[in-house]
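Participant: Below are the sequence and a predicted model for it; my questions follow.
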Amino acid sequence: MIKNRVRELRQQKNVTQIQMARDLQITRQTLIAIERHKYHPSLELAFRIARYFGKRVDEVFLWEEDGD
C-alpha cells in the first residue's frame, strides 16, 4: 500500500488545497483524493509534488507492505 504525507507537508508549509492545486496545475479534487489516499498520482506528478515541498519522492510517498 502506498501512503503519502501530502496533507501533513502542505499544512506545515501553510498552503491551502486551492493554492497548492493551482501551483501544481491540478484540480483541487485530485489533491483531495491524493491526501485521502484514494488516488495515486502519476510518477511525473509525484516528482512535482516532492519538488514542491523540497523533498525526495520517498520522503513524501511511502510504501507499506500489507503483511503478505
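Facilitator: Received, thanks. Residues are numbered from 1 along each chain as shown.

Participant: Go through this protein and flag its longest helix.
Facilitator: helix 43-53 (DSSP state H).

Participant: Distance from that helix to the middle of the chain?
Facilitator: With Cα atoms, centre = their mean, to the nearest Å as the basis, helix 43-53 stands 8 Å off its chain's centre.

Participant: For that helix, name the packing helices and strands.
Facilitator: Helices and strands touching helix 43-53, by 3 or more Cβ pairs under 8 Å, 6 or more residues apart in numbering; DSSP states H and E, are helix 17-24, helix 57-60. Bear in mind the C-beta positions are built from the backbone N, C-alpha and C, glycine included.

Participant: ok, and what's touching that helix?
Facilitator: 6, 9, 13, 20, 23-24, 26, 34, 41, 56-57, 59-61 (Cβ atoms under 8 Å, 6 or more residues apart in numbering).

Participant: Now which of these would you call buried?
Facilitator: Val6, Leu9, Met20, Leu24, Ile26, Ile34, Pro41, Val60, Phe61 (16 or more other Cβ atoms under 10 Å).

Participant: tell me the contacts of the residue most central in space within the chain?
Facilitator: Nearest to the mean C-alpha position of the chain, by Cα atoms, centre = their mean, lies Val6 at 3.8 Å. Contacts for Val6 (Cβ under 8 Å, 6+ apart) come out as Leu31, Ile34, Glu35, Ile49, Val60.
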